[in-house]
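need a structure here:
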Amino acid sequence: MRIRQLAEARPYALLLREKDLDELSYERLAIDVKKICDQNEVLLILHHHAAVAVKLNHSWVHLSMPELRSCPQEVLELKIGASVHSVSEAKEAQLLGGLLCYCRPYFCYELQTRSSAT
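Model prediction:
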């Protein structure tokens with residue numbers, strides 16, 4: 001399992017992002033990956049599936065800003081990371097309870113068009 005190789009390299013954290021799995025399949029995967037991460041003292045951050053984090057009593061979850069804005073109270077009790085695209089979104093994420101921001105580049109259409117023309 002490639003996850004084992006990654007965890008053995010001892011990064012600070014591993015974000016379990018798997019968009020093609022339904023919630024039950026993601027939960028099963030999260031249980032297996034958590035065991036591997038725990039063995040290697042690597043922080044596991046679940047991605048998108050806040051209900052799985054709550055069910056497994058897992059501390060960390062990563063959410064999009066729309067998910068963070070609408071999440072139930074039980075999710076807000078978790079340690080939350082959020083994807084942000086601007087300083088104002090980072091400030092909003094912090095106000096909503098986010099502890100960790102993933103700053104992803106945001107390119108306007110005009111810049112993308114100019115870049116692809118070169």
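
beyond the lengthiest helix in the chain, next helix or strand please.
Ranked by residue count and defined by DSSP state H, the top helix of the chain is helix 23-39. Sequence-wise, the next helix or strand downstream of helix 23-39 (DSSP states H and E) is strand 43-47.

average pLDDT for that next one, rounded please.
The average pLDDT for strand 43-47 rounds to 96.

okay, how far is it across stretch 79-95, tip to tip?
End-to-end distance for stretch 79-95, by CA to CA, to the nearest Å: 13 Å.

who's the residue nearest to residue 38 when sequence neighbours are not counted bridged to?
Excluding the flanking residues, the one nearest residue 38 by CB to CB, 6 or more residues apart in numbering is residue 44, at 7.9 Å. Every C-beta, even on glycine, is put in place using the N, C-alpha and C of the backbone. Judged by DSSP bridges, the bridge partners of residue 44 are residue 14.

so how many other residues sit close to residue 44?
21 (other CB atoms under 10 Å).

thinking it is in contact with residue 31, fair?
No: Residue 44 is beyond contact range of residue 31, at 10.5 Å (criterion: CB atoms under 8 Å).

where does the chain have low pLDDT?
Along the chain, segments meeting pLDDT under 70 span 1, 105-118.

what are the ranges of the helices in this structure?
2-8, 23-39, 50-55, 65-70, 73-76, 87-95, 109-117.

packing partners for the third one?
In other words, helix 50-55. If contacts are counted by 3 or more CB pairs under 8 Å, 6 or more residues apart in numbering; DSSP states H and E, helix 50-55 sits against helix 23-39, strand 60-63, helix 73-76.

mean neighbour count, the ones you listed: which tops it?
The highest mean neighbour count among the helices and strands packed on helix 50-55, using mean count of other CB atoms under 10 Å, belongs to strand 60-63: a mean of 23.
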